[in-house]
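Enquirer: this one's sequence-less:
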């Protein structure tokens with residue numbers, strides 16, 4: 001288990017680090033989707049018995065076009081979350097200006113739901129309501145479930161695209177370099193990527209590395225098997 005120091009400096013550093021949004025989800029999402037969709041194309045085209053050149057052409061088109069599409073979608077979705085948080089904050093600022101007493105009662109109820117009562121509740125309400133920004137942050141979290149961590153749409157899009165590009169190119173490498181038994185090598189490399197991504201993901205979960213890796217491998221393998229089966233229906 002990673003050391004978790006509790007000195008004033010260590011605590012402050014951890015809390016400050018939470019002010020930005022991490023990109024674990026973006027990297028895993030992009031990596032898995034890049035591997036799955038590109039190998040699905042490889043498996044489908046190989047199942048149809050088409051030329052390796054067709055596999056490379058379609059695979060590269062998928063990596064660039066689908067990768068950009070995913071990045072753009074993630075950018076738009078993350079920006080929508082950010083815009084919504086800004087909208088809600090503006091609403092709370094207006095409410096504090098127009099209905100300060102009512103907002104103070106809401107603040108007290110939020111703190112009560114967190115387990116405070118009696119003099120402690122009164123003191124906490126008084127202290128938090130002295131700082132307008134802290135008051136709004138508490139209302140955002142308690143009333144709308146929106147935390148202080150702000151997402152970065154452009155960062156999220158870049159991480160998604162890069163992860164998609166790297167993972168998506170791996171199934172194509174045996175065909176680009178004309179490796180013997182290219183499809184078998186591509187399948188092995190792709191399944192290895194599935195497992196590695198899943199195993200790496202276990203660092204941020206309670207699951208063991210082999211269980212997380214196996215779960216991701218199973219999901220990717222099913223997608224690849226479906227694509228290969230559909231491709232065999234159109235074998236030329």
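Expert: Perfect, I can see it now. Treat the numbers as computed from the prediction; the structure is a model and nothing was measured.

Enquirer: and residue 132, what does it touch?
Expert: Each residue near residue 132 by Cβ atoms under 8 Å, 6 or more residues apart in numbering is listed here: residue 96. In this view, the C-beta of every residue, glycine as well, is placed from N, C-alpha and C.

Enquirer: The closest residue to residue 147 other than its chain neighbours in helix, strand or coil?
Expert: Take residue 147 and drop its neighbours on the chain: the residue closest to it by Cβ to Cβ, 6 or more residues apart in numbering is residue 141, 5.8 Å away. Here residue 141 is helix, with the state taken from DSSP: H, G, I helix; E, B strand; the rest coil.

Enquirer: is it true that residue 173 touches residue 189?
Expert: Yes. The pair residue 173 / residue 189 is scored as a contact, 6.9 Å apart, by Cβ atoms under 8 Å.

Enquirer: Looking at the two, which has the bigger crowd around it?
Expert: Using other Cβ atoms under 10 Å, the more surrounded residue of residue 173 and residue 189 is residue 189, with 18 against 15.

Enquirer: How about the contacts made by the more buried one?
Expert: Residue 189 touches 170-171, 173-174, counting by Cβ under 8 Å, 6+ apart.

Enquirer: Out of those residues, name the ones that lie in strands.
Expert: If you go by DSSP state E, the contacts of residue 189 have nothing in strands.

Enquirer: related to what we said a few turns ago, the residue nearest to residue 147: neighbour count?
Expert: Residue 141, neighbours per other Cβ under 10 Å, totals 13.

Enquirer: By residue count, tell me the biggest helix in the protein.
Expert: In the chain, taking DSSP state H as the definition, the longest helix is helix 67-98.

Enquirer: Check which residues of that helix are buried.
Expert: For helix 67-98, burial by neighbour count (16 or more other Cβ atoms under 10 Å) applies to 67, 70-71, 74-75, 78-79, 85, 88-89, 92, 95-96.

Enquirer: tilt between the helix or strand following that helix and helix 67-98?
Expert: Sequence-wise, the next helix or strand downstream of helix 67-98 (DSSP states H and E) is helix 100-113. Between helix 100-113 and helix 67-98, the angle comes out at 120 degrees (axes from the mean of the first three to the mean of the last three Cα atoms, to 10 degrees).

Enquirer: Residues contacting helix 100-113, please?
Expert: Under the criterion Cβ under 8 Å, 6+ apart, residues 92, 95-96, 121-122, 124-125, 128-129, 135, 138-139, 142-143 lie in contact with helix 100-113.

Enquirer: any idea which helix or strand of this structure has the worst average confidence?
Expert: Averaged element by element with mean pLDDT, DSSP states H and E, the chain has its least confident helix or strand at helix 8-17 (a mean of 68).

Enquirer: Alright, that wraps it up for me.
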